[in-house]
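>>> Give the three-dimensional model of this entry:
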Amino acid sequence: MIPQALRRIPPLRTLALCASLLAGCGGGGGGAPATPAPPDAAAAGTLSAGPGCALRYALTDSPLLAGADPLLARQWHLQNTGQSGGTPGEDARAVAAWAVTRGEGARVAVIDDSIEVLHPALRPNVVEGASYSYREGNRGTPWPLPCVEDEGHGTAVAGIVAARDGDAEGGAGVAPRASLVAFDALASGTDADIADALTRGFDATQVFHNSWGSPDDGALHPTGAAFAAAIESGIATGRGGRGAVYVFSAGNGGCYGRRPTPGNPCLTDDSNYDGYVNRRGIVAVCAVDDTGRQPGYGETGANLTVCAPSSNTSAARPVGVTSPALRAAWRDDFTGTSASAPMVSGVVALMLSVRPELTWRDVRLLLAQTARRNDPTDPGWEPAADGLAFNHKYGFGVVDAQAAVAAARAWTPVGGTAALRTCRFDRSPNRAIPDAPGAAVTDAIDAGGCPITKIEWVEVRVTAPHQYSGDLRIRLTSPASRVSRLAEGRICASGCGDYADWPFGSMRHLGESAAGTWTLSIADTDATATGTLQTWSLVIHGR
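Got it, this is the predicted structure:
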């Protein structure tokens, strides 16, 4: 077994996007700039990310320019007027929220492989001396800079959150006056460094942004104890007990491969197979394109909270997101949930700018309750509690900055982790799963003694050994007859993993009462392989 401190961190969540009308191809690297980049500084005494790094940066005190942002009109995700060829109004409502706040006083940490903190669009918002590098040869410095040309991911992500507005340089971030700190913990690639970054400065940092996650291959990917402990510590003690807000990309595995069968159907992943985003304390963010629909890479999941705009990867009309690129440039080809998730982090910064006393629980509730229902004719929309609707493609809908900021100003806080109620129920049915398509084993839990009347998160832990776990379809039905689709029958690229106390997370039951009968159902979608529902646990959090 590999020690947790040395276990490699999973990949960034960006897709390649090629289009003749875009500036270039590629979502994970630096990409082709949308504006000309100045020559790289190579003089002695310049900064770099460490020995052997090709990129070097001059540390200068350039005055902050003032003027209109020349690329703002191209940033359809902030305000969609149809300029990309998409549907007007399918955006994050960010520009509308700026009439109230641009993020002043809020602070966001971006955790990635590197961040060009000296980029003209980022540097005015970067907190002096608060960033931290984990890269070998650069560890401990406040300069988590890119080392080579293909490390542009974190710079684009940070710019979507909080690129400075009104500097006559490029475009703007969702929260263009929020403060930024940057941690390149993915450069070292260890669980220990990720855990450290997730709790570094959490007394002053409100939002920790993460555009990375487990591989998108349909398999179950657990996390280590260090990650889980960091998240629990952050939501319990961060910001003086109000809790840090953790935002993660939900994943890009909507069609990560094709089956060699007639029709060539997609191999699909689900966000609930990713141990980084299926736990309490995480805001898992999905993507919609510039028409408000799920793109081909979009993953489903009962754990989703909200979506945000990202690229349209259709062959007929591919469109990316305009964001900062390496060496003081800009790009318009950023893509995937790596682009959608930082928009939600920016919206959270806007919310906390007007109401810094909100807890991590308040933020999640507000995001869900103010989300805009996109793609209204999609059959996946189902009624939820408190007049909301939930869709396993979209969570509660697309983030709405204007509505979230307005609601935050009038919101009555529900308290932090210390005020959260939890009920746990354990079962050991040890029953065979019928080896016949359509047949299922079911087991029920009576939660009548649970005092929670407003659910905020449900976790289901399942131990169900099976000869091929990808055959199993798993559902949870609440006392209100609402269903969480936890797992589907699927083919995995290199094995699906085992349901061995696997934790599924669900936002589907937000606002419901816990009391009553909860039913777990496991069906075998293919014959020949057999298995058993040994144990399962139901953990309900709420108020």
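
>>> longest helix anywhere in the chain?
Once the chain is assigned using DSSP state H, the helix that runs over the most residues is helix 337-354.

>>> quick one: that one to chain centroid distance?
Centroid displacement of helix 337-354 relative to its chain, using Cα atoms, centre = their mean, to the nearest Å, is 10 Å.

>>> what comes up buried for that helix?
Across helix 337-354, burial judged by 16 or more other Cβ atoms under 10 Å covers 337-354. Placement of C-beta: from N, CA and C, glycine included.

>>> could you point out which element follows that helix?
Going down the chain from helix 337-354, the next helix or strand is helix 360-370, by DSSP states H and E.

>>> mind listing what the closest residue to residue 129 other than its chain neighbours touches?
Nearest residue to residue 129 in three dimensions, chain neighbours excluded: residue 142, at 5.0 Å (Cβ to Cβ, 6 or more residues apart in numbering). With contact taken as Cβ atoms under 8 Å, 6 or more residues apart in numbering, residue 142 is in contact with 117, 128-133.

>>> can you tell me how far residue 142 sits from residue 208?
As judged by Cβ to Cβ, to the nearest Å, residue 142 and residue 208 stand 17 Å apart.

>>> same check, this time on residue 343
From residue 343 to residue 208 the distance is 15 Å (Cβ to Cβ).

>>> just residue 534 next, same as before
Taken as Cβ to Cβ, the span from residue 534 to residue 208 is 36 Å.

>>> the more surrounded of the two?
Neighbour comparison, residue 534 and residue 208: the larger count goes to residue 208, with 27 against 17 (by other Cβ atoms under 10 Å).

>>> name the element the more buried one belongs to?
Going by DSSP H and E, residue 208 is in strand 207-210.

>>> Show me what the helix or strand just after that strand is in contact with.
Per DSSP H and E, the first helix or strand lying C-terminal to strand 207-210 is helix 225-237. Contacts with helix 225-237, where a contact means Cβ under 8 Å, 6+ apart, come from 4-5, 191-192, 194-196, 198-199, 202, 208, 243-244, 246, 275-276, 279-282, 360, 416-418.

>>> Check the residues you listed for burial and list the buried ones.
Buried by 16+ other Cβ under 10 Å: 191-192, 194-196, 198-199, 202, 208, 243-244, 246, 275-276, 279-282, 360, 416-417, out of the contacts of helix 225-237.

>>> Taking their axis directions, the longest helix of the chain and helix 360-370 sit at what angle?
Helix 337-354 and helix 360-370 meet at an angle of 110 degrees, taking axes from the mean of the first three to the mean of the last three Cα atoms, to 10 degrees as the criterion.

>>> what are the phi and psi values for residue 469?
Dihedral pair for residue 469: phi -60, psi -20, per degrees, to the nearest 10.

>>> and the gap between residue 89 and residue 479?
Remark: distance between residue 89 and residue 479 (Cβ to Cβ) = 37 Å.

>>> for stretch 437-453, which positions count as buried?
In terms of neighbour count (16+ other Cβ under 10 Å), stretch 437-453 has its buried residues at 440-441, 443, 445, 447, 450, 452.

>>> With distance to residue 58 and secondary structure added, can I get those in a markdown table?
Listed next are the buried residues of stretch 437-453 as a markdown table, based on distance: Cβ to Cβ, whole Å; DSSP: H, G, I helix; E, B strand; the rest coil:
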| residue | distance to residue 58 | secondary structure |
| --- | --- | --- |
| 440 | 64 | strand |
| 441 | 65 | strand |
| 443 | 64 | strand |
| 445 | 62 | strand |
| 447 | 61 | coil |
| 450 | 60 | coil |
| 452 | 56 | coil |
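
>>> Pipe these into JSON lines and attach distance to residue 85 and pLDDT per row.
Below are the buried residues of stretch 437-453 laid out as JSON lines (distance: Cβ to Cβ, whole Å; pLDDT from 0 to 100):
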{"residue": "440", "distance to residue 85": "45", "pLDDT": "96"}
{"residue": "441", "distance to residue 85": "49", "pLDDT": "98"}
{"residue": "443", "distance to residue 85": "50", "pLDDT": "98"}
{"residue": "445", "distance to residue 85": "50", "pLDDT": "98"}
{"residue": "447", "distance to residue 85": "49", "pLDDT": "98"}
{"residue": "450", "distance to residue 85": "50", "pLDDT": "98"}
{"residue": "452", "distance to residue 85": "46", "pLDDT": "98"}
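
>>> which stretches of this protein have low pLDDT?
Along the chain, segments meeting pLDDT under 70 span 1-10, 15-45.

>>> So in that sheet, which strands flank the helix or strand hosting residue 285, and in what orientation?
Taking DSSP H and E as the criterion, residue 285 maps to strand 282-288. Strand pairing for strand 282-288, determined by DSSP bridges: strand 245-249 (parallel), strand 304-309 (parallel).

>>> Same list (the ones you listed) but as CSV, adding distance to residue 327.
CSV is the format used below for those (distance: least, Cβ to Cβ, whole Å):
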stretch, distance to residue 327
strand 245-249, 25
strand 304-309, 26
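
>>> hey, what's residue 502 bridged with?
Applying DSSP bridges, one finds that residue 502 bridges with residue 462.

>>> surely it meets residue 459?
No - taking contacts as Cβ atoms under 8 Å, residue 502 lies outside contact range of residue 459: 10.5 Å.

>>> more crowded one of those two?
Here residue 502 and residue 459 are compared on neighbour count by other Cβ under 10 Å; more neighbours surround residue 502, at 23 against 19.

>>> three-state assignment of residue 173?
Three-state call for residue 173 (DSSP: H, G, I helix; E, B strand; the rest coil): coil.

>>> which residues touch it?
Counting by Cβ under 8 Å, 6+ apart, residue 173 makes contact with 121, 159-165, 346.

>>> Quick check: the residue nearest to residue 129 is in a strand.
No - counting by three-state DSSP, residue 142 is not part of a strand but coil.

>>> what about it, distance to residue 152?
Counting by Cβ to Cβ, the separation of residue 142 from residue 152 is 20 Å.

>>> so residue 306 bridges to which residues?
Bridge pairing for residue 306 - DSSP bridges - gives residue 285.
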